[in-house]
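Enquirer: how would this look folded up:
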Amino acid sequence: MHRPNSEPVDANSLSALALAKRTAFECGVTRLADVTALDRIGIHTWQAIRPWSHNICVHQGKAFDPVSAQIGACMEAIEGAYGECWDAPSHRARHADLFAHERSDAADDFADRRGRLDAEVDWVAAERVGGGRLWVPWWSVSLNFTRSFPTGIDIISTGQGAGFDIDRASWKGLLEVIERDAVGEWLRLGMVERSFDALDCSTVPFGWFTTLVEQLAAKRIVLRIFAIPAIIAIPVYVAELFDVGFETLHRGVTAGFCCDWNAEAALAGAIAEAAQSRLTFIAGSRDDLDLATTALATPNPGYGFALGRGRQRRAFADQGGPIERPEGFRAGFDAAIAALVAAGYDKVARVTVSPAKSPVIVVRLLVPGLGSTDRLRRPPL
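Expert: A predicted model of the protein is given here:
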């Protein structure tokens, strides 16, 4: 599979893989498995197996080259291990009892759904990006799912990022928060509204993309891309893979999402995640899968309708084309923070989850006010 230019494999990547492997094995990973050949697509997917996990045991990485896919699987395993071991002193209180300048603007900003989480909560002091501190629920950071946790708090891994320095880790975590907020808002639209965000794939100017579409078509797999709006002006893509003739199987229609300052990288990331989702169902080994049934009652139509002839679809240039990422991960992170502040979301929290001496930095980013799959985005106050 030809990989996009945004994911080079060089000596630095090989050194990064060696360091990621060593750290992952220290975190309890016992095996790296290449599951790419279980599917017909060829986008690399690897699994890192961590049997004694307190969240999930099968972590995954995907990319257009095997080195990056292995790094991704190792990094996800490291995130899970550090997230379950993380702890910090907590302060039990109601949201209203916290100082106004050190708390989120609404009590339900960390809830799984709006209107919840007005009871006493264990709070930890996080770094407020830009200076000061911000109180966040302890359970908004921890990934130790073996402990009894309270209802109402959104206990997920969204916003956790890993990297070999804090700038890359923070950039990754923040973009994931922005992506999940955008996807949540988009999924709450009707299918007709979502359909008009479909991308005209003929406008994508990258050779690797054209080749991939042709290869998929030869295998009776249809690729559909949506360019969706985000809270800031940054490319966010949704990729869907339709396996013609298998629409009633869970793997018949799978999706992936990605957000990046670089539109090509965001597009490639969404496609790689959709391919990984297919392999997740095909392999059947991921421990958070519901495999009670292997077939759906009716075919899965995906996220939108196919637009008829004459209906305008989005052109790739509408998303800014091949936008160049701000120079360096720190610049990209700062640019996203500045855009969030301009949008009215000026309280961003960061918690360092990794141990002090770890060569891999893991952080959790939280942006009070942004939404998720179930929680609505709150208008800025």
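Enquirer: Helices of the stretch 51-200 of the chain, start to end?
Expert: Along the stretch 51-200 of the chain, counting by DSSP state H, counting those that start in this stretch, helices occupy 66-85, 166-187, 191-195.
Enquirer: what inclination does the second one have with respect to helix 66-85?
Expert: Comparing the axes of helix 166-187 and helix 66-85 via axes from the mean of the first three to the mean of the last three CA atoms, to 10 degrees yields an angle of 90 degrees.
Enquirer: elements contacting helix 166-187?
Expert: strand 160-163, strand 236-243, strand 253-259, helix 328-342, strand 349-352, strand 361-366 (3 or more CB pairs under 8 Å, 6 or more residues apart in numbering; DSSP states H and E). (Each C-beta comes from the backbone N, C-alpha and C, glycine too.)
Enquirer: Would you check the distance separating the second one from the middle of the chain?
Expert: In this case it means strand 236-243. Its chain's average C-alpha position is 14 Å from that of strand 236-243, according to CA atoms, centre = their mean, to the nearest Å.
Enquirer: Where does Val222 fall, secondary structure wise?
Expert: Per DSSP states H and E, Val222 falls inside strand 221-227.
Enquirer: circling back to that earlier point, the helices and strands packed on helix 166-187: which one's closest to Ile41?
Expert: Taking CB to CB, strand 236-243 is the member of the helices and strands packed on helix 166-187 nearest to Ile41, at 7.7 Å.
Enquirer: got a list of what the most centrally placed residue in the chain touches?
Expert: Centroid check for the chain by CA atoms, centre = their mean gives Glu176 as the closest residue, at 4.5 Å. With contact taken as CB atoms under 8 Å, 6 or more residues apart in numbering, Glu176 is in contact with Thr158, Gly159, Gln160, Gly161, Cys259, Leu365.
Enquirer: end to end, how far does stretch 199-207 reach?
Expert: Start to finish, the residues bounding stretch 199-207 are 17 Å apart (CA to CA, to the nearest Å).
Enquirer: Sorry, slip of the keys, the one I care about is stretch 231-251.
Expert: 30 Å.
Enquirer: List the buried residues for that stretch?
Expert: 231-232, 234-243, 246, 249-251 (16 or more other CB atoms under 10 Å).
Enquirer: with these in mind, which one is nearest to Phe196?
Expert: Val238 (13.1 Å).
Enquirer: So the closest one sits against Ile225, correct?
Expert: Yes: contact criterion CB atoms under 8 Å: Val238 and Ile225 qualify, at 7.1 Å.
Enquirer: For these two, list the residues in contact with both.
Expert: Taking CB under 8 Å, 6+ apart as the contact rule, Val238 and Ile225 both touch Ala270.
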